[in-house]
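1. fold the following.
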Amino acid sequence: MTDEYSNTDLTDLAARLAHLRRVVIKKRDYLTYTAKGLKRSDPQFRWLDAIEQNDDLTERLDAFVNRFCRLQDTLGDKLLPAYLRMQLEPIGTVLDNLNRAEKLGLISSVADWIEARSLRNSLVHEYTEDVDMLRQSILRALELVPMLETVTEKLCQESRKQQ
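-> As a prediction, the model looks like this:
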C-alpha cells in the first residue's frame, strides 16, 4: 500500500464503488428500456418532422437523452476515476482516464467514447434546432447504447473484484 491511501480511504472508496455500481446498473437498465421503446415506436424517427404533435414520443426522447447523458457522465466522471483510484492508478484528465481504461480493456475505443460525449453535448444543448441533425444524432446514440452497456458491465465486474 502506498502512503497516498490509508485503510480508511480504501474502505470509503470501496463503499463508494459499491454505491456507484448500483447506480450505473439502474441507469443502464433505464436507458436500455427507453432505447428499446424508441426503436419500436419508429426506427427511423420520422415523427420528429412533427415533434410538436407527439407529446408522448417527445417525453420518451427527453428520457432517452437524459438517461444516455447521465449514464455516460456517471461512468466516465465518477465510476471510472473511483475504480482507477482503487487500483492505485493515477487519476488524470478525462482523456487520460479514458486512455487508461482502453489499455485496461474497460472500454473498447476512446474514439467511440468521445463521439458519445459529443453526441451527448449536441443532444442536450442543440437538439431542437435542426430536425435532421437530431434524427442522425439519436440514431447514432442508439447505436452507442450497447457500448455504454458493455462498459457498465466491465467496470462493475472489475470493481467487484476489488472487494
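
2. and residue 161, how far is that from residue 116?
-> 26 Å (C-beta to C-beta, to the nearest Å). Placement of C-beta: from N, CA and C, glycine included.

3. between the two, which has more neighbouring residues?
-> residue 116 (25 against 7; other C-beta atoms under 10 Å).

4. buried stuff in stretch 48-58?
-> Residues of stretch 48-58 classed as buried by neighbour count (16 or more other C-beta atoms under 10 Å): 48, 51, 57.

5. please apply the same query to stretch 122-139.
-> Buried residues in stretch 122-139, counted by 16+ other C-beta under 10 Å: 122, 123, 127, 134, 135, 137, 138.

6. after the lowest-mean-pLDDT helix or strand in the chain, next one along is what?
-> The helix or strand of the chain with the lowest confidence, counting by mean pLDDT, DSSP states H and E, is helix 110-126 at a mean of 85. Per DSSP states H and E, the first helix or strand lying C-terminal to helix 110-126 is helix 131-160.

7. in that next one, what's buried?
-> Buried residues in helix 131-160 (16+ other C-beta under 10 Å): 134-135, 137-138, 141-142, 144-145, 147-149, 151-152, 154-156, 158-159.

8. then stretch 23-37 to PDB, C-alphas only?
-> Taking C-alpha atoms only, stretch 23-37 is exported to PDB below (Å, rounded to 0.1, in the frame of the first residue of the first chain):
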ATOM      1  CA  VAL A  23     -26.400   3.500  -9.600                       C
ATOM      2  CA  VAL A  24     -24.900   2.700 -13.000                       C
ATOM      3  CA  ILE A  25     -26.800  -0.600 -13.200                       C
ATOM      4  CA  LYS A  26     -30.100   1.100 -12.600                       C
ATOM      5  CA  LYS A  27     -29.200   3.900 -15.100                       C
ATOM      6  CA  ARG A  28     -28.100   1.300 -17.700                       C
ATOM      7  CA  ASP A  29     -31.400  -0.600 -17.200                       C
ATOM      8  CA  TYR A  30     -33.500   2.600 -17.600                       C
ATOM      9  CA  LEU A  31     -31.500   3.600 -20.700                       C
ATOM     10  CA  THR A  32     -31.900   0.200 -22.300                       C
ATOM     11  CA  TYR A  33     -35.700   0.200 -21.600                       C
ATOM     12  CA  THR A  34     -36.100   3.700 -23.100                       C
ATOM     13  CA  ALA A  35     -33.900   2.900 -26.100                       C
ATOM     14  CA  LYS A  36     -35.900  -0.200 -27.000                       C
ATOM     15  CA  GLY A  37     -39.200   1.800 -26.700                       C
END
